[in-house]
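**Q** could you look at this predicted model? Sequence included:
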Amino acid sequence: MIPLRDIIPSRTTPYITITIIALNVMAWLFELSLPRDVLPVFLQVYGVVPGDFHAPTLISSMFLHGGWSHVIGNMWYLWIFGDNIEDRLGHARFIVFYLLCGITAALGQIVVDPSSTLPTIGASGAIAGVMGAYFVLYPHSRVLTLIPWIFLQVVELPAIVLLGFWFLMQLFSAGAIAVTASTHGGGVAFAAHVAGFVMGMIGVFVFRKPEYDRWEPMDY
């Protein structure tokens with residue numbers, strides 16, 4: 001299932017979401033400019049390597065990606081769900097929330113596979129946190145979704161259904177990998193997605209602003 005857009009307009013301009021997307025795009029273009037033999041070394045240094053952990057990579061790894069589909073997919077999800085969460089948390093709080101979700105996601109992957117020497121990269125853990133926050137704050141929102149099933153279908157799904165299904169798929173996949181002990185083969189860091197999503201669900205209660213009525217009182 002591929003989300004296309006949600007139905008909730010943002011009340012403010014999502015400056016931070018746009019900035020994060022721009023930084024990821026610039027980082028991706030920089031990766032593309034690196035020689036083919038240099039890129040793996042670059043990712044090994046700036047990605048999170050559980051078996052050779054360095055704290056600064058918890059931040060740098062969030063802005064690196066492994067392919068066009070990786071970066072486009074992540075930025076698309078951030079664009080759809082990030083503006084509403086930034087609106088609800090506020091710009092400054094959203095920065096801290098986003099980074100904290102990404103850090104928690106990376107740590108979750110380290111816990112699952114602490115001896116791995118493969119670099120973990122990508123914004124998907126942080127974005128999973130944004131999706132977890134959306135799941136909590138806007139469960140009754142509807143998301144226009146493309147479903148590639150025999151024939152392409154576009155339907156409106158409740159956010160709680162779309163994001164709940166996504167989370168269960170990540171949870172199932174993370175559990176399957178843990179059981180088969182195949183994480184050393186590389187691939188998708190499902191444990192990071194799960195950790196980020198859960199962090200987003202919990203952290204949003206700390207970072208959200210109090211809800212105010214949208215109407216303004218009239219002067220008499």
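**A** Right, received. Where do you want to start?

**Q** what ranges does this structure have for its helices?
**A** With DSSP state H applied, the chain shows helices at 15-33, 39-46, 57-60, 68-89, 91-112, 124-137, 159-180, 190-207, listed in chain order.

**Q** next one, pLDDT for the residue nearest to Gly132 when sequence neighbours are not counted please.
**A** With CB to CB, 6 or more residues apart in numbering as the criterion, Gly132 has its nearest non-adjacent residue at 2.8 Å, and that residue is Gly200. All C-beta spots, glycine's among them, are computed from the backbone N, C-alpha and C. What the model reports as pLDDT for Gly200 is 97.

**Q** check contacts around Gly200.
**A** By CB atoms under 8 Å, 6 or more residues apart in numbering, the contact set of Gly200 is Phe97, Cys101, Ala128, Gly129, Val130, Met131, Gly132, Ala133, Phe135, Val136.

**Q** Pro119 contacts Gly47, correct?
**A** Yes - using CB atoms under 8 Å, Pro119 is in contact with Gly47, at 2.8 Å.

**Q** in the protein, where is pLDDT below threshold?
**A** Across the chain, the ranges flagged by pLDDT under 70 are 150, 174-187, 211-220.

**Q** quick check, central residue of this structure?
**A** Residue closest to the mean C-alpha point of the chain, counted by CA atoms, centre = their mean, is Ile127 at 1.4 Å.
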